[in-house]
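Visitor: Predicted structure and sequence below. I'll ask about it afterward.
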Amino acid sequence: MSLHTEETTGGVSCATLPETNGQNGILEDNTCEGRKEFVAPAVGMEFDCYDDAYNYYNCYATEAGFNVRVKNSWFKRNSREKYGAVLCCSSQGFKRVKDVNHLRKETRTGCPAMMRMRLVNSKRWRIVEVTLEHNHLLGAKAHKSNKKTGSGTKRKLLPSSDTEIQPVKLYRALVIDAGSNGNSNLIQKVAKTPDQTNQLNLRKGDTQAMYNYLCRIQLTNPNFFYLVDLNDEGGFRNIFWADGRSRAANVYFSDVIFFDTTCLSNKYEVPLVAFVGINHHGQSVLLGCGLLASETFQSYTWLLKAWLTCMSGHTPQTIITDRCKVLLSAVADVFPKSHHRFCLSHIMRKVPEKLGGLRSYDGIRKALLKGVYEALKPYDFEAAWGFMIQHFGVSDNEWLGSLYEDRAQWAPVYLKDTSFMGMAAARVGETLNAFFDKYLHKQTPLKEFLDKYELALQKKHKEEVMADMESRNSSPELKTRCSFELQLSKVYTRAIFKKFQLEVEEMYSCFSTTQIHAEGQITIFLVKERVLLHEGNRREIKEFEVLYNRAASEVRCICSCFNFYGYLCRHALCVLNFNGVEEIPSKYILSRWKKDYKRLYIHDEGGESSDASERVQWLNQLYRSALQVVEEGAISLHHYEIALRALEESLDRVHNIQEKIA
């Protein structure tokens, strides 16, 4: 008997993972007598034959503590071949009045527990409906039912002796999407992890809850992807999953990702890890999730490779993580070409914990903030750090010492060539919060989180749809007469435009733009600005160097606002304005901030030539485009009617092409 849970994408066959038990990509899960918690039935499970399905449900019932009977069976009229059946708890329903023996007490309770299954493709039996709840107390162990099979022969009873029990094995096929471009070597690396940890530390019932969730979402979400890492005993060790929206978002917004391990580092009950990006409104967007058994190199590399498989091998430009040496090695191993940076806001959040007990804490904190957030050149940072160490006598502080050694990974002054797209948190007060910050706490159990998980995604999705509507259907109020403001008000989403608009307004705090050096086509300007200090209302004058190349239409400020946030700063705008430039060069207007970015963007898959790869690319692009129609069609009744009509018309046109070809 084999039990399968398969992921398919638009009819493209899926590749199963290795390490099988001799059958086609099937991983052994457990046996009836082996583990105490037997895998409960779930919609989508499949069996080789009716007898296997019947025996499986009886084995499950034995562990749960109830008896089984066949409620209904359906047979084909001519061949009398069975094609459907309902198995239920023996307490289901009530006896008919004429069948009641007045000497015997009524034992049925109308129990709803049942399993409905049917024959699919004339080959396998699939579970199509399940009810697990009972309305009565369950016994410690139930004896198997003595019902007859469809062929009229009685099934063998399980002997009471443990030594004579014939194990009924369950199997689960763990599969990956064909979008991996057939990279079997990568698949094997993802699947085979050295068994250096045991398994996820979950409460009783959490494993079943997770498995039921994966099965349910897989059947209801056509582009759902998940990958499971099992230990030698068949227990969950690591899990990765991404629903259809996350996979679509990966295509658009995976250039910079925040690999959030807050739950691991803070010892949450749910060992959750999240891949988070920034969408075209500057909102956080989920790109995938995982559960990890431990904070080891093996677990981290497994999860990163799982996400890479989901991404079809496309790597991000920048990965932001917590400051962790193990993560540093894992990211370097899986994403050697990506920029790996430590999350500045996480580091600064630990300052009270690490330094709060020192005598001169307030002074140390102020000196640290000044060096981190106000330094424009490495020399400034080094000078501020040296002053802090000597003046407050903290040269022997281990945390500060290790922080200084890693400065090239987190200090903004060293990261000016790194693209962050708004996730740098390079200004005082900016922070990267966990995606599930309001939905997950230290004591939240996994079952509760899985319910809140969908609520969180729905809320985030609604926010993005409303922001899309607001950006397309309204024009922002202009606050200056600057041509740059008018130019980008027509292009950027409303949220990103407001951030850029602030830079335009602050051009008026820059009171001097002076050319100080010229060499060839490059000219260096000095822009003076009255800057509001991070503490208090006092302003001081700071000087910013801006490099400008008129021939190449290039402008670069020492504050590196463009790399940190994705739009030009006030200093660069002043230099463009000083040189008579009326429009921002196109290279500084990023497509990822545009109102219609997801409509215009077509991902380049690298020119794959095989038919299978091309079909997967077509499918993914069609899915993303259709998802846009579905999301916006659910806004109102009017939107729904138009979207439904458009989809129906599109389907008719596709059918017409098929008929012409035929």
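Guide: Perfect, thanks for sending it.
Visitor: The residue nearest to residue 565 when sequence neighbours are not counted in helix, strand or coil?
Guide: Once flanking residues are discounted, residue 565 sits nearest to residue 422: 5.2 Å by CB to CB, 6 or more residues apart in numbering. (Glycine included, C-beta is placed from N, CA and C.) The three-state label given to residue 422 by DSSP: H, G, I helix; E, B strand; the rest coil is coil.
Visitor: Tell me which residues of the one helix or strand residue 515 maps to come out buried.
Guide: Assessed by DSSP states H and E, residue 515 sits inside strand 510-519. Across strand 510-519, burial judged by 16 or more other CB atoms under 10 Å covers 510, 513.
Visitor: Return the list of helices and strands in contact with it.
Guide: strand 522-532, helix 570-578 (3 or more CB pairs under 8 Å, 6 or more residues apart in numbering; DSSP states H and E).
Visitor: picking that back up, the residue nearest to residue 565 is in contact with residue 282, isn't it?
Guide: Yes: with contact defined as CB atoms under 8 Å, residue 422 reaches residue 282; the gap is 5.5 Å.
Visitor: anything in contact with each of those two?
Guide: Contact with both residue 422 and residue 282 is made by no residue, according to CB atoms under 8 Å, 6 or more residues apart in numbering.
Visitor: Could you pull out the helices in the stretch 51-200 of the chain for me?
Guide: Along the stretch 51-200 of the chain, the segments classed as helices by DSSP state H, counting those that start in this stretch run 184-191.
Visitor: can you list the weak-confidence ranges in it?
Guide: 94-107, 122, 140-198 (pLDDT under 70).
Visitor: how does it look with 90?
Guide: 51-66, 71-84, 90-113, 116, 118-200 (pLDDT under 90).
Visitor: And the stretch 301-450 of the chain, by the same measure?
Guide: In the predicted model, the stretch 301-450 of the chain carries pLDDT under 90 at residues 309-314, 357, 359, 428-430, 432-434, 437-443, 447.
Visitor: how far away is the residue nearest to residue 565 from residue 271?
Guide: Counting by CB to CB, to the nearest Å, the gap from residue 422 to residue 271 is 28 Å.
Visitor: ok, those two, which is more surrounded?
Guide: Higher neighbour count among residue 422 and residue 271: residue 271, with 22 against 18, using other CB atoms under 10 Å.
Visitor: my guess is the more buried one contacts residue 303, does it?
Guide: No: using CB under 8 Å, residue 271 is not in contact with residue 303; the gap is 10.9 Å.
Visitor: quick one: common contacting residues for the two?
Guide: Any residue near both residue 271 and residue 303 by CB under 8 Å, 6+ apart counts here, and that gives residue 292.
Visitor: residues contacting the residue nearest the centre of the chain?
Guide: In the chain, the residue lying closest to the centroid (CA atoms, centre = their mean) is residue 288, at 1.4 Å. Neighbouring residues of residue 288 by CB under 8 Å, 6+ apart: 240-242, 246, 250, 274-275, 307, 310.
Visitor: where does it land in three-state SS?
Guide: Going by three-state DSSP: residue 288 is strand.
Visitor: how far away is it from residue 488?
Guide: Separation of residue 288 from residue 488 (CB to CB): 32 Å.
Visitor: tell me which residues form a beta bridge with residue 524?
Guide: For residue 524, the beta-bridge partners are residue 517, residue 547 (DSSP bridges).
Visitor: give me the element the closest residue to residue 292 other than its chain neighbours is part of.
Guide: Closest residue in space to residue 292, ignoring its immediate chain neighbours: residue 299 at 4.7 Å, by CB to CB, 6+ apart. Per DSSP H and E: residue 299 is located in helix 297-310.
Visitor: ok, now residue 436?
Guide: If you go by DSSP H and E, residue 436 is not part of any helix or strand.
Visitor: Would you pull up how far the strand holding residue 515 lies from the middle of the chain?
Guide: Centre-to-centre, strand 510-519 and its host chain are 46 Å apart (CA atoms, centre = their mean, to the nearest Å).
Visitor: do the same with stretch 545-565
Guide: In terms of CA atoms, centre = their mean, the centre of stretch 545-565 is found 34 Å from the chain centre.
Visitor: which residues touch that stretch?
Guide: So stretch 545-565 is in contact with 376-377, 412, 415-422, 424, 426, 499, 503, 516, 521-527, 544, 567-569, 571-572, 574-576, 579, 585, 587-588, going by CB under 8 Å, 6+ apart.
Visitor: Turn the buried ones among the residues you listed into a named ChimeraX selection, would you?
Guide: To isolate the buried ones among these in ChimeraX, judged by 16+ other CB under 10 Å, type:
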select :376,412,415,416,418,419,420,421,422,424,426,503,523,524,525,526,527,544,567,568,569,571,572,574,575,576,588
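Visitor: Quick check: pLDDT value at residue 483.
Guide: We have a pLDDT of 96 for residue 483.
Visitor: now the one 10 residues further on
Guide: Per-residue pLDDT puts residue 493 at 96.
Visitor: got it, and residue 3?
Guide: pLDDT, residue 3: 34.
Visitor: before we move on, back to that, now the strand holding residue 515: average pLDDT?
Guide: When pLDDT is averaged along strand 510-519, the result is 94.
Visitor: Surely residue 392 touches residue 360?
Guide: Yes: Residue 392 lies in contact with residue 360 (CB under 8 Å); the separation is 4.8 Å.
Visitor: Please identify which of the two sits among more neighbours.
Guide: Comparing residue 392 with residue 360 by other CB under 10 Å, the one with more neighbours is residue 392, at 19 against 15.
Visitor: Please give the centre-to-centre distance between stretch 524-544 and its chain.
Guide: 40 Å.
Visitor: same check, this time on stretch 371-390
Guide: Distance, centroid of stretch 371-390 to centroid of chain: 37 Å (CA atoms, centre = their mean).
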